[in-house]
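Novice: Please find the sequence and the predicted model below.
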Amino acid sequence: MIRISYVSYAKRIWREDFEELLAQLTKTGSASLETWQERYRFRQQNSATYLTLVAVDSTTDRVVGTATLLIEHKFTRGCGQAGHIEDVVVDAAHRQQHLGSQLVRALLDRAQSRYGCYKVTLHCTEENAPFYAKLGLERKGVQMAHYFG
């Protein structure tokens, strides 16, 4: 069974899982454990700006999916908030189980209900655009966007 949870509620830092998973998306580079832990703490202390979700396989206790919402605190739109979704990835062995959809939908919901975002944007490859379009995002130039209200 796969459960979706917020990193802030996680019982441990899944550094190795994150690195392996994110490597399926992009170049991860290498960071020391100390640097990794500092970044983890920074993001936790700045929860008004960062929200990372994880999908955890409860049989193995491994992170098999993740997605992050970044909140931009703007001066426009009455000092409103805009969200940006980043680093959406599901482990190759766990794809086609709608985990990516669940992660993105949960972030869209939180962007509107928790942060009051007027829109959420993300950048994706051309091949992934149909996936995001099914979730309600629209083409806006070279980026995808979902406007609230």
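Specialist: Received it, and whenever you're ready, just let me know what you need. This is a predicted model, so every value here is computed, not measured.
Novice: pLDDT below threshold where in this structure?
Specialist: Scanning the chain for pLDDT under 70 picks out the ranges 4, 6-14, 142-144.
Novice: Given whichever strand in the chain runs longest, what are its sheet partners and their directions?
Specialist: Across the chain, the longest stretch assigned as strand under DSSP state E is strand 62-73. Here strand 62-73 is paired, per DSSP bridges, with strand 50-57 (antiparallel), strand 81-90 (antiparallel).
Novice: what comes up buried for the longest helix along the chain?
Specialist: If you go by DSSP state H, the chain has its longest helix at helix 99-113. Neighbour-count burial for helix 99-113 flags Leu99, Gly100, Gln102, Leu103, Val104, Ala106, Leu107, Leu108, Arg110, Ala111, Gln112 (criterion: 16 or more other Cβ atoms under 10 Å). Heads up, the C-betas are built off the backbone N, CA and C, glycines and all.
Novice: would you turn these into CSV with distance to Ala31?
Specialist: Putting the buried residues of helix 99-113 into CSV (distance: Cβ to Cβ, whole Å) gives the following:
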residue, distance to Ala31
Leu99, 25
Gly100, 25
Gln102, 28
Leu103, 23
Val104, 26
Ala106, 27
Leu107, 24
Leu108, 29
Arg110, 27
Ala111, 27
Gln112, 33
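Novice: Most widely separated two among these?
Specialist: Maximum pairwise distance among those (Cβ to Cβ): 21.0 Å, between Leu99 and Gln112.
Novice: Assign a three-state SS to the closest residue to Gly149 other than its chain neighbours, would you?
Specialist: Once flanking residues are discounted, Gly149 sits nearest to Tyr118: 6.9 Å by Cβ to Cβ, 6 or more residues apart in numbering. Put simply, Tyr118 is strand when judged by DSSP: H, G, I helix; E, B strand; the rest coil.
Novice: Run through the bridge partners of His146.
Specialist: Residues in beta-bridge contact with His146 (DSSP bridges): Val120.
Novice: List the residues that contact it.
Specialist: Leu108, Lys119, Val120, Thr121, Leu135, Gly136, Leu137, Glu138 (Cβ atoms under 8 Å, 6 or more residues apart in numbering).
Novice: got it, and Phe148?
Specialist: By Cβ under 8 Å, 6+ apart, the residues touching Phe148 are Ala111, Gln112, Cys117, Tyr118, Lys119, Val120.
Novice: Fine by me, we can end here.
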